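K.L.:
Just to be clear, the model below is a prediction. Sequence and coordinates:
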Amino acid sequence: GAVVSQHPSWVICKSGTSVKIECRSLDFQATTMFWYRQFPKQSLMLMATSNEGSKATYEQGVEKDKFLINHASLTLSTLTVTSAHPEDSSFYICSARPVGGDQPQHFGDGTRLSIL
Amino acid sequence: SQQGEEDPQALSIQEGENATMNCSYKTSINNLQWYRQNSGRGLVHLILIRSNEREKHSGRLRVTLDTSKKSSSLLITASRAADTASYFCATDSLSGSARQLTFGSGTQLTVLP
């Protein structure tokens, strides 16, 4: 089945560091990828929709200068958390939707980001 | 923003019993999907039901959809300890020009051996 690989799975770093998270679709092309954030014991909140070859679409309240998204190819999207602070600590999950039809999104395994 | 509400928030049952989770949503949808999440992991897709379908089965899973009530249910039959996880419904709908998933609040299922 379709697989989405997300890397790294765990990041611990100091406040002020920028962190890049990669999301790859391994056996299908995805013109659209999605980035979610999840706090403990809560649901997933959509942060932004990443579109191959164009600018990402951010949800209300998500700072686009804080969370930089690049979707340079049909199989790779990256999320960079710039100058991360402790309040950015969270679980970040990406997903990708295969092109065509009513197909489910496929999710990566998530990245646990801890900012000290 | 979250579209769906799920109930119960938490459910604890004995192995072998059935588990039913309910989901309600607010806007029109293309389809509704159910996902499972083990603690600290990504989401695993379980089943997709289209807006013109009323019921769907996959193994021990049975999903119903009532678009007039804007609600769905997920039934897991003959539960196993390995079914312990969080379960989320997600509605697939158009937002502007893009299709996106909006997740419900989730149900934490615990199956006791």
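P.N.:
Perfect, I can see it now.
K.L.:
for chain B, which strand is longest?
P.N.:
strand B:85-95 (DSSP state E).
K.L.:
And it, what does it pack against?
P.N.:
If contacts are counted by 3 or more CB pairs under 8 Å, 6 or more residues apart in numbering or on different chains; DSSP states H and E, strand B:85-95 sits against strand B:5-7, strand B:19-24, strand B:31-37, strand B:43-50, strand B:71-76, strand B:98-103, strand B:107-112. Bear in mind the C-beta positions are built from the backbone N, C-alpha and C, glycine included.
K.L.:
partners of it, with directions?
P.N.:
Strands that pair with strand B:85-95, judged by DSSP bridges, come out as strand B:31-37 (antiparallel), strand B:98-103 (antiparallel), strand B:107-112 (antiparallel).
K.L.:
Any chance of CSV for the helices and strands packed on strand B:85-95, columns mean neighbour count?
P.N.:
Shown next, in CSV, are the helices and strands packed on strand B:85-95 (neighbours: other CB atoms under 10 Å in any protein chain shown):
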stretch, mean neighbour count
strand B:5-7, 18
strand B:19-24, 20
strand B:31-37, 23
strand B:43-50, 19
strand B:71-76, 20
strand B:98-103, 20
strand B:107-112, 18
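K.L.:
re the thing from before, residues of the longest strand of chain B that come out buried?
P.N.:
B:A85, B:S86, B:Y87, B:F88, B:C89, B:A90, B:T91, B:D92, B:S93 (16 or more other CB atoms under 10 Å in any protein chain shown).
K.L.:
was I right about the first one contacting B:G40?
P.N.:
No. The pair B:A85 and B:G40 fails to qualify as a contact (CB atoms under 8 Å) at a distance of 11.1 Å.
K.L.:
Contact residues of chain A facing chain B?
P.N.:
Contact residues (CB under 8 Å from any CB of the partner chain) of chain A with chain B: A:4, A:6, A:32, A:34, A:41-46, A:49, A:57, A:59-60, A:91, A:93, A:95, A:97, A:102, A:104-110, A:112.
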